[in-house]
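A.B. asks: How does the following fold in three dimensions:
(one chain, ligands or ions: 1)
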Amino acid sequence: MENPPLKSLYQQLILEHYRKPKNKADLPDRTVEVRMTNPVCGDEIVLQLKIEGDEIRTARFAGQGCSISQASVSMMTTLLEGRKLADADGIATRFTQMMHGDESAGGDRTLGDLRALQGVSKFPVRIKCALLGFDALLEALKQSGHTPVVRDEGDEEETTP
Ligand code: ZN
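C.D. replies: Now for the predicted structure:
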């Protein structure tokens, strides 16, 4: 069966971010740094942000692992610079909803290139890969004194620690 054009376009975009990641560099004047790992897949991400007031000035990362995890964090960093912390939190929420099968999130322009990862929601084992960068982001926001936006509770899933 042939891939529909949109799907192959998305696959190209993922590979492009994986091969030539955006913002993969050290950030000497960072205000926060968070390291996250996904032992199941062997993914590792170190996210560095420079936050001033309630705004993200610069976002950089280091990392290794599968194409999903590395493309996801690369795509994420392209959306963060110049964002208010609350907006960054909002992007994380929207992306998480998409990973949990919310199809309307897949058409949300605020997610930018991240929309290419929508298909990952069909592969539960890989969802953690896609969310790893956002786990780091949320932790970085928390460490920077940001109070998380209240989310809709009643989520279907319980994850075992
Ligand atoms: Zn992975």
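
A.B. asks: quick one: secondary structure of the residue lying closest to Gly101 once chain neighbours are set aside?
C.D. replies: Take Gly101 and drop its neighbours on the chain: the residue closest to it by C-beta to C-beta, 6 or more residues apart in numbering is Ser121, 5.2 Å away. For the C-beta atoms, the positions are set from N, CA and C on the backbone; glycine is no exception. Under the three-state scheme (DSSP: H, G, I helix; E, B strand; the rest coil), Ser121 adopts helix.

A.B. asks: Show the contacting residues for Ser121.
C.D. replies: Ser121 makes contact with 98-101, 127, according to C-beta atoms under 8 Å, 6 or more residues apart in numbering.

A.B. asks: For those, give me JSON lines that also has distance to Gln12, neighbour count and pLDDT.
C.D. replies: Converted to JSON lines, these look like this (distance: C-beta to C-beta, whole Å; neighbours: other C-beta atoms under 10 Å; pLDDT from 0 to 100):
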{"residue": "Met98", "distance to Gln12": "19", "neighbour count": "23", "pLDDT": "96"}
{"residue": "Met99", "distance to Gln12": "20", "neighbour count": "22", "pLDDT": "96"}
{"residue": "His100", "distance to Gln12": "25", "neighbour count": "14", "pLDDT": "95"}
{"residue": "Gly101", "distance to Gln12": "24", "neighbour count": "13", "pLDDT": "94"}
{"residue": "Ile127", "distance to Gln12": "21", "neighbour count": "18", "pLDDT": "97"}
